[in-house]
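J.: with the sequence up front, the predicted model follows.
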Amino acid sequence: MSTSIFETPLPRSDLFLCSNSLVSQSFKLFDNSRSFRLKSLRPRCQKDRILYPKPLNFGFCRVSRRKRKPNFVLNSVLSVDKELESDESVGLGRSREYDAIVIGSGIGGLVAATQLAVKGAKVLVLEKYLIPGGSSGYYERDGFTFDVGSSVMFGFSDKGNLNLITQALAAVGCKMEVIPDPSTVHFHLPSNLSVRVHREYNEFFSELTCKFPHEKEGIFKFYGECWKIFNALNSLELKSLEEPIYLFGQFFKKPMECLTLAYYLPQNAGDIARKFIKDPEVLSFIDAECFIVSTVNALKTPMINASMVLCDRHYGGINYPVGGVGGIAKSLAKGLVDQGSEIQYKANVKSIIVENGKAVGVRLANGNEIFAKNIISNATRWDTFGKLLKQDELPKEEENFQKLYIKAPSFLSIHLGVKSDVLPPDTDCHHFVLEDDWSNLEVPYGSIFLSIPTVLDSSLAPEGNHILHIFTTSSIEDWQGMSQKDYEKKKELVADEIISRLEKKLFPGLRSSIVLKEVGTPKTHRRYLARDSGTYGPMPQGTPKGLLGMPFNTTAIDGLYCVGDSCFPGQGVIAVAFSGVMCAHRVAADLGLEQKSPILDAALLRLLGWFRTLA
Ligand SMILES: NC(=O)c1ccc[n+]([C@@H]2O[C@H](COP(=O)([O-])OP(=O)(O)OC[C@H]3O[C@@H](n4cnc5c(N)ncnc54)[C@H](O)[C@@H]3O)[C@@H](O)[C@H]2O)c1
Ligand SMILES: CC(C)=CCC/C(C)=C/C=C/C(C)=C/C=C/C(C)=C/C=C/C=C(C)/C=C/C=C(C)/C=C/C=C(\C)CCC=C(C)C
């Protein structure tokens with residue numbers, strides 16, 4: 001680490017984000033008129049920000065107003081408070097053009113940004129919150145490190161072509177240590193049906209077919225079909241399906257695999273399951289398998305997505321990153337800056353600037369305008385087209401998207417710290433609980449997701465404790481129009497009910513073992529993740545034609561791209577990573593950093609537009 005002493009103006013709020021390993025390009029943020037020193041190196045957690053003990057890779061450091069001697073060493077500053085952001089010396093303005101601005105640092109945005117950066121583009125990521133990651137972020141309380149969203153990580157193995165998280169990290173020279181999970185999920189279902197999804201496919205198949213011997217052949221054929229699709233996907237080099245030179249090249253190199261995917265593109269898992277399986281209980285089990293990744297039943301879950309998750313969990317397996325899921329976004333953000341691009345936190349984009357029909361820049365909440373050749377929005381499509389674009393009319397494509405897809409509900413999430421002895425030995429890391437009635441699967445609060453990441457990585461909690469992350473679907477409408485007092489009361493009541501259900505079904509004594517409890521509602525998701533209504537992502541309004549109606553990355557606005565879970569192929573960390581790879585490839589082609597054929601482009605975009613009208 002290089003060390004140099006420099007002076008900086010004192011940020012008025014006393015907080016800024018610093019890094020000890022990154023470039024010096026941000027030095028110009030500062031003038032020499034004032035100086036500061038670090039006051040506290042103790043870890044501190046506040047309601048909405050995390051203060052780190054020492055200049056770790058990304059941390060917030062408190063500076064003292066009283067002692068103004070420049071006596072601390074830092075060698076870059078990545079993000080600054082509003083006061084600094086609005087400082088002219090930040091150097092933002094029309095003269096400073098980026099190849100791309102990415103709005104939001106969810107995994108989708110970060111993968112798009114890093115992939116572009118390694119292709120030679122100069123990228124600026126603007127993140128509203130204090131740390132990167134969005135739904136894949138983390139927070140710390142009293143020695144516990146909680147994952148904000150899911151702890152089930154697909155695509156994190158060292159095998160094949162579909163380990164997109166591993167590949168995204170490797171692209172910027174990062175590798176994370178992972179812990180293999182022996183099972184993906186333990187299902188606790190009506191009629192006391194208990195199924196563990198073992199890492200080994202044969203073990204899972206034996207367990208399921210032991211419970212339903214009469215459907216052995218049907219189960220074999222359904223999951224066999226999933227493997228056929230997974231193997232086709234795994235054989236391709238994954239890039240933008242909106243870029244014809246690549247797409248036609250893949251058809252030429254792997255015609256059978258591409259035709260297999262094209263055949264299944266408009267199909268849903270439930271229809272295929274029904275071809276082979278008759279027993280309603282097995283079909284309900286497959287609904288639950290799909291619901292945990294799509295929040296809808298199998299009849300509404302695209303077959304390609306179902307195959308991806310139902311097979312990757314056995315092929316590469318589910319692997320948990322040491323130190324928590326938040327490490328993925330932190331590593332990508334670091335990798336991005338290492339590549340010479342930039343990320344700013346507390347940078348709230350209020351609108352996308354469109355001139356002569358082309359997206360040319362963004363306007364921040366503090367009034368600053370930043371310009372770039374392309375704008376990539378990692379906000380949901382509802383936020384992008386409903387809030388960030390100030391246009392009277394929704395483009396036709398978006399109107400169609402909003403007809404086909406509605407916002408999936410959000411979640412009520414409960415993060416608990418519990419005493420370790422409440423968990424029986426060999427407890428699995430992830431559980432899905434639907435106690436009595438299959439018809440409650442998609443009903444709000446009907447089923448319960450539970451992850452215990454400390455089963456795999458005990459460093460996430462103080463010794464003798466575990467983390468329980470419990471979540472269940474819930475809509476924002478359920479939490480609106482009440483006083484703060486009633487809201488808090490309702491949070492307690494609903495959380496209490498869910499904890500009682502888990503106590504009854506899985507862990508007797510759970511309530512009395514709790515040492516820390518935090519409850520988040522859809523409003524919390526909306527506030528901290530900046531997602532309209534706190535939504536989990538898009539959900540088909542009716543029965544979709546598989547993935548056919550799902551938009552890719554280009555939009556009706558020239559120079560504006562979308563990335564993340566309201567783009568093909570949908571929700572999921574691995575899915576948004578793929579959307580990031582696709583987006584970066586299309587943008588790079590448009591920037592001239594990848595091969596491009598304008599004539600073929602126009603033809604393919606028209607063809608894809610036509611395909612979507614069939615959905
Ligand atoms: N509880 C959960 O488990 C949960 C909830 C929601 C989503 N998810 C999953 O998370 C993933 C979503 O990833 P993603 O990449 O699409 O996005 P994301 O929602 O994780 O990240 C988007 C990022 O953009 C930022 N942002 C939004 N609007 C902004 C603005 N105007 N200005 C600046 N920054 C802004 C947000 O702060 C956030 O960090 C999916 O896998 C989804 O399935 C999980
Ligand atoms: C273009 C045309 C027309 C044609 C062409 C053909 C072709 C070539 C095609 C191709 C295609 C492709 C490549 C595709 C791809 C796809 C993919 C990659 C996909 C992916 C997906 C993924 C997913 C969906 C995932 C998901 C996941 C998730 C969501 C997860 C979640 C989790 C959770 C929530 C957790 C749970 C928990 C518990 C239980 C506790």
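T.: Okay, I see it. Ligands and ions are numbered 1, 2, ... in the order given.
J.: any weak-confidence spans in the stretch 301-450 of the chain?
T.: Regions of the stretch 301-450 of the chain meeting the criterion pLDDT under 70 are absent.
J.: mind listing the helices for it?
T.: For the stretch 301-450 of the chain, the helices defined by DSSP state H, counting those that start in this stretch cover 303-312, 326-338, 381-383, 396-404.
J.: can you list the residues of this protein near ligand 2?
T.: Residues of the chain found near ligand 2 (CB under 6 Å from any ligand atom) are 150, 152, 154, 185, 233, 236, 238, 241, 250, 258, 261-262, 265, 292-293, 304-305, 308-309, 430-432, 449-451, 569-572, 574-575, 578, 611. Where you see a C-beta, it was placed from the backbone N, CA and C, and this is true even at glycine.
J.: out of these, which sit inside strands?
T.: Filtering those for membership in strands, criterion DSSP state E, returns 185, 430-432, 449-451.
J.: neighbours around residue 541, how many?
T.: 13 (other CB atoms under 10 Å).
J.: isn't it right up against residue 403?
T.: Yes - because the distance of 6.9 Å satisfies CB atoms under 8 Å, residue 541 is recorded as touching residue 403.
J.: pretty sure residue 109 contacts residue 384?
T.: No - using CB under 8 Å as the test, residue 109 is too far from residue 384 to be in contact (11.9 Å).
J.: name the residues contacting each of these two.
T.: Any residue near both residue 109 and residue 384 by CB atoms under 8 Å, 6 or more residues apart in numbering counts here, and that gives residue 103.
J.: the two: which is more packed in?
T.: residue 109 (32 against 26).
J.: just confirm that one is within a strand.
T.: No - the assignment for residue 109, made by DSSP: H, G, I helix; E, B strand; the rest coil, is helix rather than a strand.
J.: how about the nearest residue to it, chain neighbours excluded?
T.: Setting aside the residues directly before and after it, residue 109 is nearest to residue 378 in space (CB to CB, 6 or more residues apart in numbering), at 3.1 Å.
J.: which residues touch the one you found?
T.: Taking CB under 8 Å, 6+ apart as the definition of contact, the neighbours of residue 378 are 102-106, 108-109, 112, 134, 562-564.
J.: tell me how far it lies from residue 338.
T.: Applying CB to CB, to the nearest Å, one obtains 20 Å for the distance of residue 378 from residue 338.
J.: again, but for residue 226
T.: Taken as CB to CB, the spacing of residue 226 relative to residue 338 amounts to 38 Å.
J.: about what we covered before: out of the residues of the chain next to ligand 2, which touch ligand 1?
T.: Restricting the residues of the chain next to ligand 2 to those near ligand 1 by CB under 6 Å from any ligand atom leaves 150, 571-572.
J.: below-threshold pLDDT in the protein: ranges please.
T.: For the chain, counting by pLDDT under 70, the residues that fall below are 1-96.
J.: domain-wise, how is it divided?
T.: Residue ranges for the domains of the chain, per automatic domain parsing: 1-91, 93-128+327-403+539-615, 409-534.
J.: what's the most buried one of these?
T.: By mean neighbour count, with neighbours taken as mean count of other CB atoms under 10 Å, domain 93-128+327-403+539-615 ranks first of the domains of the chain at a mean of 21.
J.: roughly how far is that domain from the heart of the chain?
T.: Computed by CA atoms, centre = their mean, to the nearest Å, the chain-centroid distance of domain 93-128+327-403+539-615 equals 15 Å.
J.: so which residues on this structure come close to ligand 1?
T.: Proximity of the chain to ligand 1 is confined to 103-109, 126-129, 134-136, 149-150, 348-349, 378-379, 383, 411, 471, 529-531, 536-537, 564-565, 571-573, 576 under the rule CB under 6 Å from any ligand atom.
J.: narrow those residues to those in helices?
T.: Among the residues of the chain next to ligand 1, the ones falling in helices (DSSP state H) are 107-109, 383, 529, 573, 576.
J.: in the residues you listed, find the pair that's most separated.
T.: Based on CB to CB, the longest span within those runs between 383 and 573 and measures 19.2 Å.
J.: in stretch 267-276, what counts as buried?
T.: Taking 16 or more other CB atoms under 10 Å as the basis for neighbour counts, the residues of stretch 267-276 that come out buried are 267-270, 272-274, 276.
J.: can you lay out those residues as CSV showing distance to residue 168?
T.: Below are the buried residues of stretch 267-276 laid out as CSV (distance: CB to CB, whole Å):
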residue, distance to residue 168
267, 28
268, 28
269, 26
270, 31
272, 30
273, 32
274, 36
276, 35
